[in-house]
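Trainee: Okay, sequence plus prediction incoming.
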Amino acid sequence: MSSYDKDRPADDTPYERMRFYIREVGQGPKACRDLTREEARDAMEMILRQEVTRAQMGGFLLVERFKGESAEELLGFADAIRAHAHQIAPRVDGLLDIGSPYDGRKRSLVVSPAASIVACAAGVPVVMHGEREMGPKRGIPVGDVLGALGVDVDAGPEEVRRSIEEDGFGYMRSARFVPNLYALKEVREEIALRSNIHTIEKLYNLAGASYSLIGLTHLPYMEKMLGAVKEMGFRRIMLVQGIEGNEDAPTSRPCRVFEWSGGEMREFRLNPQEYDLVPASQEEMAGGDAAYNADVSVRVLEGTPGPHRDLVCLNAGLRIYLAERAADIGEGITKARAAIDSGAAREKLEALRKRAGTQRRLTLADGAR
């Protein structure tokens with residue numbers, strides 16, 4: 001029996017177990033400790049089942065944030081959330097999972113949807129995921145932009161699986177795939193800060209993808225996040241310290257990239273000047289609502305030249321390279337440009353719009369019965 005087990009309460013109710021976990025992680029830098037993977041899973045299980053009080057839920061999430069989650073704790077939290085999720089297994093080769101922050105961004109253009117559609121048109125099957133109106137940032141998430149583009153962002157698991165298999169692209173909404181987690185939306189809003197849940201959402205791999213692209217906000221968090229994401233079943237992982245800490249690389253400056261493959265990790269500076277790209281100015285990078293972001297995306301997919309197109313091509317090229325459809329980033333950018341110039345990217349968007357329209361008609365018909 002470990003010393004931790006000796007200190008556990010004799011009363012094994014969820015209420016007392018959560019009190020024990022909060023004390024263990026919240027006693028300050030000298031007295032606190034990291035939970036084991038099993039303990040972290042137990043704590044998150046009780047939160048997802050709402051077996052503990054709202055005060056305990058918020059208190060645990062906040063003290064974990066201030067302590068700093070370990071990789072083992074992140075894995076335990078992910079174990080619990082994945083166990084409560086609807087997971088799918090699309091029959092495609094080399095699926096790429098895009099780990100965008102669910103609370104979106106406020107100041108900058110949302111590049112990821114257009115870049116992912118272009119990568120898809122170049123032969124990379126892609127799955128994106130998110131939720132609406134999430135705090136604490138409450139910015140524009142990728143799902144809002146995809147919805148404004150006419151893509152189905154409210155499909156159930158089986159429809160998303162078919163979409164990935166038939167059109168190479170799918171979007172997983174949290175409310176559909178992890179309803180127990182979505183049910184915590186008010187609690188997460190009340191604590192007003194990001195928690196470990198925000199991290200897990202970016203890396204939990206509910207579609208069995210082979211590749212993962214994740215935005216990295218805080219550099220000191222990289223090793224912990226990488227330690228967890230390596231256990232999610234991915235073959236190759238890329239963390240990008242991009243625009244607003246998201247997965248989109250800028251064309252106006254270099255950014256740090258961490259690439260994990262075959263058990264080895266390398267760090268490099270992604271310098272857009274090496275690829276003959278026109279930098280997007282501060283004004284061109286300014287954000288807007290979902291409709292504005294969708295309008296910019298449509299112009300790029302239709303072939304309009306300029307800084308926005310180069311921004312999309314850089315990020316699509318990064319995705320194509322990560323998914324091993326190009327030998328390097330430069331070749332990935334070349335394939336991205338070809339997907340736009342040939343009309344394949346525009347056709348991919350139209351195929352996704354057509355699928356969304358068909359699904360809406362089926363839903364209306366079912367409701368009329």
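Mentor: Received the coordinates, thanks.
Trainee: Is it correct that G215 is in contact with D248?
Mentor: Yes. Taking contacts as CB atoms under 8 Å, G215 lies within contact range of D248: 7.4 Å. The C-beta positions use only the backbone N, C-alpha and C, and glycine is treated the same way.
Trainee: Report the set of residues contacting both of those two.
Mentor: V240, G242 (CB atoms under 8 Å, 6 or more residues apart in numbering).
Trainee: quick one: which of the two has more around it?
Mentor: Per other CB atoms under 10 Å, whichever of G215 and D248 has more neighbours is D248, with 28 against 22.
Trainee: For that one, which residues are in contact?
Mentor: By CB under 8 Å, 6+ apart, D248 lies in contact with S108, V110, V111, S112, A115, G215, V240, G242, L311, N315.
Trainee: Please parse this protein into its domains.
Mentor: The record assigns the chain these domain ranges, following automatic domain parsing: 3-83, 96-347.
Trainee: can you redo those as TSV with mean pLDDT and distance to T358?
Mentor: Putting those into TSV (pLDDT from 0 to 100; distance: least, CB to CB, whole Å) gives the following:
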stretch	mean pLDDT	distance to T358
domain 3-83	92	30
domain 96-347	95	9
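Trainee: Please identify the most buried of those domains.
Mentor: domain 96-347 (a mean of 20; mean count of other CB atoms under 10 Å).
Trainee: Between the two ends of that domain, how far is it?
Mentor: Terminal residues of domain 96-347 lie 20 Å apart, using CA to CA, to the nearest Å.
Trainee: Measure how far that domain is from the centre of its chain, please.
Mentor: Relative to its chain's centre, domain 96-347 lies at 7 Å (CA atoms, centre = their mean, to the nearest Å).
Trainee: show me what contacts the residue nearest to the spatial centre of the chain?
Mentor: By CA atoms, centre = their mean, the chain has its centre lying nearest to G99, at 2.1 Å. Residues near G99 by CB under 8 Å, 6+ apart: E201, K202, L203, S212, L213, I214, G215, E247.
Trainee: quick check, nearest of these to E165?
Mentor: Set against E165, the nearest of the contacts of G99 by CB to CB is S212 (19.6 Å).
Trainee: before we move on, the earlier item: show me the contacts of D248 that map onto helices.
Mentor: Among these, the subset assigned to helices under DSSP state H consists of S112, A115, L311, N315.
Trainee: Pipe the contacts of D248 into TSV and attach distance to G263 per row.
Mentor: Converted to TSV, the contacts of D248 look like this (distance: CB to CB, whole Å):
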residue	distance to G263
S108	34
V110	33
V111	30
S112	28
A115	28
G215	23
V240	20
G242	25
L311	32
N315	26
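Trainee: circling back: list the ones among the contacts of G99 that fall in strands.
Mentor: Judged by DSSP state E, the contacts of G99 include S212, L213, I214, G215 as members of strands.
Trainee: Looking at these, which is nearest G357?
Mentor: After measuring these against G357 - CB to CB - the closest member comes out as L213, at 28.6 Å.
Trainee: And that closest one, how far from V142?
Mentor: Counting by CB to CB, to the nearest Å, the gap from L213 to V142 is 12 Å.
Trainee: For the domains of the chain, give me a markdown table that also has distance to R355.
Mentor: Shown next, in a markdown table, are those (distance: least, CB to CB, whole Å):
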| stretch | distance to R355 |
| --- | --- |
| domain 3-83 | 27 |
| domain 96-347 | 6 |
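Trainee: which one of those lies closest to A89?
Mentor: With CB to CB as the measure, domain 96-347 is the member of the domains of the chain nearest A89 (4.8 Å).
Trainee: quick one: A207 from M172, how far?
Mentor: In terms of CB to CB, A207 sits 7 Å off from M172.
Trainee: Quick check: neighbours shared by those two?
Mentor: I88, V127, V160.
Trainee: Can you add distance to G303 and secondary structure and give those back as TSV?
Mentor: Formatted as TSV, these follow (distance: CB to CB, whole Å; DSSP: H, G, I helix; E, B strand; the rest coil):
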residue	distance to G303	secondary structure
I88	33	coil
V127	26	strand
V160	29	helix
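Trainee: can you map out the helices along the stretch 201-350 of the chain?
Mentor: Under the criterion DSSP state H, counting those that start in this stretch, the stretch 201-350 of the chain contains helices at 222-229, 282-285, 290-301, 307-322, 329-341, 344-368.
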